[in-house]
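Novice: Here is a sequence with its predicted model. Questions after.
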Amino acid sequence: MESVRKNIISGVKRIVLKVGSRLLVDENLIPCKKRIAELVEQIASLRERGLEVILVSSGAISAGMSVLGWEKRPKELTELQAAAATGQSKIMSMYEDECRKRGFHCGQLLLTADDVKNRKRHLNFSNCLNALLRNKVLPIINENDCISVEEICFGENDYLAALVSIISKAELTVLLTSVNGMYEKKADGSFGERLPIIDEFSAEIKLMASGTDGNQLSTGGMATKLKAAEAVTQVGESLWIVDGREFGVISQLIEAEDVGTLFPGSEEKMRSHKRWMAFFPEVSGVLKIDNGAVKALTGNGGSLLPRGIKEVLGEFAKGDILEVQDSTGKLIAKGAANYNSEELNLIKGKKTTDIMELLGYHIYDEAVHRDNMVLLNSEDE
């Protein structure tokens, strides 16, 4: 296990750190300057090692609660938005003060889901992020809680960190939380030994992940962290869940010490356009395929031919992103359609030699070409 950790760390050039609200507050649940100073000190140490660091930080709502004198997290959406708007400037000023003391600056990027799903905004975000890093500025990223309803309701900053990692091609994502990784969950519901390394997302592992723990500042539980880990490792990068109540753990993991739970990536990294296809665009339709087509895609590295399609669901245009599912509904791949839904309904189940007769033209042999497809839950990518 030590060799796995050392191998992962030796390849890290860019790291995403995610810190939750509860790790930044004092005993009165107020954002604590001392805690932020300790975190920035660790970040400065990573930078001195030559690592590029991206910080995904919660804390705007809790900071706003302290400014507004609220002791409990409000439930109404508008109140949460008001707290986020009020607290964002406060927490960023605290970060900037500590960064400046250590000779660098920070820059804020607030995101909504649409910002990463829209291709143009996605690229703008990626370009801005890289420009900040080139200029030695610490990017601090958060969901735009003032306008992003889903984030406020469900608390997905763990997954936001995963998406940032996927976009930025960070070799390591670290989720700083209040528990030291994942633990074995026994039949009676109690927890056993810590799981130092998890390299397979089995049904058993997924059942071990607990949900929201009810803390008034923290809305995501281990299930969201496991979802983040699965996404990051799917593109070939690594994710580490560690106990961030003492920020010195960052130095421990960078020395490859046995802390938390590591989800190791692989030598093969998913290419940029396939990362985009797998995680970001809206899906416009579904193609149900037969077992022979599943084997051709997952085993033989083939494209999806019309003959293997059993059912076409939804209305979509050529070039739209589709899900490819087996007969049970299991997601096999995502890819860009070479034909629209009307055309695919006419040629599904047919040989490529029949396309000309059925459509009156024959542009592509493939319904979805291998180059414009990404396999999911597979060792292929």
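Specialist: Yep, it's here. Numbering: from 1, shown residues only.
Novice: drop to CA atoms for contacts and neighbour counts, all remaining ones
Specialist: Fine.
Novice: In space, not sequence, find me the middle residue of this protein.
Specialist: By C-alpha atoms, centre = their mean, the chain has its centre lying nearest to Ala162, at 2.3 Å.
Novice: residues contacting that one?
Specialist: Going by C-alpha atoms under 8 Å, 6 or more residues apart in numbering, Ala162 touches 173, 228-229, 231-232.
Novice: Name the nearest of those relative to Thr353.
Specialist: Of all these, Ala231 has the smallest distance to Thr353: 38.6 Å, by C-alpha to C-alpha.
Novice: Give me the pLDDT for the residue nearest to the centre of the chain.
Specialist: For Ala162, the pLDDT comes out at 94.
Novice: Please point out which parts of the longest helix seen in the chain sit buried.
Specialist: The residue-count maximum for a helix in the chain (DSSP state H) belongs to helix 77-101. Applying a neighbour-count criterion of 16 or more other C-alpha atoms under 10 Å, one finds 80-88, 90-92, 94-99 buried in helix 77-101.
Novice: again with stretch 237-254
Specialist: When burial is assessed from 16+ other C-alpha under 10 Å, stretch 237-254 yields the following buried residues: 237-245, 247, 249-250, 253.
Novice: which among the residues you listed gets closest to Thr298?
Specialist: The closest of those to Thr298 turns out to be Glu237 (C-alpha to C-alpha; 21.0 Å).
Novice: what's the pLDDT at the closest one?
Specialist: Predicted confidence (pLDDT) for Glu237: 97.
Novice: any weak-confidence spans in the stretch 251-381 of the chain?
Specialist: Applying pLDDT under 70 to the stretch 251-381 of the chain picks out residues 377-381.
Novice: which residues in it form helices?
Specialist: In the stretch 251-381 of the chain, helices defined by DSSP state H, counting those that start in this stretch lie at 272-279, 291-298, 341-347, 355-359, listed in chain order.
Novice: which helices and strands sit right next to the last one?
Specialist: Counting by 3 or more C-alpha pairs under 8 Å, 6 or more residues apart in numbering; DSSP states H and E, the packing neighbours recorded for helix 355-359 are helix 341-347.
Novice: Mind listing what's buried along the helix it packs on?
Specialist: The neighbour-count check on helix 341-347 (16+ other C-alpha under 10 Å) flags 341, 343-345, 347 as buried.
Novice: now that helix, how far from the centre of its chain.
Specialist: Counting by C-alpha atoms, centre = their mean, to the nearest Å, helix 341-347 is centred 34 Å from the centre of its parent chain.
Novice: helix or strand for the residue nearest to the centre of the chain, which one?
Specialist: Following DSSP states H and E, the helix or strand that holds Ala162 is helix 157-168.
Novice: Then Asn180?
Specialist: When secondary structure is defined using DSSP H and E, no element contains Asn180, which sits outside every helix and strand.
Novice: Ramachandran angles for it?
Specialist: phi -90, psi 60 (degrees, to the nearest 10).
Novice: residues contacting it?
Specialist: 194, 241-243, 259-261.
Novice: picking up where we left off before, determine which two of the contacts of Ala162 are furthest apart.
Specialist: Taking C-alpha to C-alpha as the measure, the contacts of Ala162 reach their widest spread between Thr173 and Ala231, a distance of 11.1 Å.
Novice: Comparing those two, which shows the higher neighbour count?
Specialist: Neighbours around Thr173 and Ala231, counted as other C-alpha atoms under 10 Å, are more numerous at Thr173. The numbers are 32 against 24.
Novice: Can you report how many residues neighbour Ile43?
Specialist: Applying other C-alpha under 10 Å, we find 24 residues neighbouring Ile43.
Novice: Kindly report the same for the one 5 residues further on.
Specialist: Other residues near Glu48 number 10, with proximity taken as other C-alpha under 10 Å.
Novice: From Lys318, how far off is it?
Specialist: Using C-alpha to C-alpha, to the nearest Å, we find Glu48 at a distance of 49 Å from Lys318.
Novice: Go ahead and confirm Leu176 touches Asp243.
Specialist: Yes - using C-alpha atoms under 8 Å as the test, Leu176 is close enough to Asp243 to be in contact (5.8 Å).
Novice: if we can go back for a sec, inside strands: which ones of the contacts of Ala162?
Specialist: When these are checked against strands using DSSP state E, the ones located there are Thr173.
Novice: What is the nearest of the contacts of Ala162 to Ala333?
Specialist: Distance from Ala333 was checked for each of these by C-alpha to C-alpha. The minimum falls on Ala231, at 14.1 Å.
Novice: According to the record, where do the domains of the chain fall?
Specialist: The record, using automatic domain parsing to delimit domains, assigns the chain the ranges 2-274, 282-375.
Novice: Pull up the distance across the last one, start to finish.
Specialist: So that's domain 282-375. With C-alpha to C-alpha as the measure, the ends of domain 282-375 fall 17 Å from one another.
Novice: what does the longest one give?
Specialist: Domain 2-274 has its terminal residues 31 Å apart, counting by C-alpha to C-alpha.
Novice: how distant is that domain from the center of its chain?
Specialist: That offset, for domain 2-274, works out to 10 Å (C-alpha atoms, centre = their mean).
Novice: Looking at Arg35 now. What's its pLDDT?
Specialist: For Arg35, the predicted pLDDT is 94.
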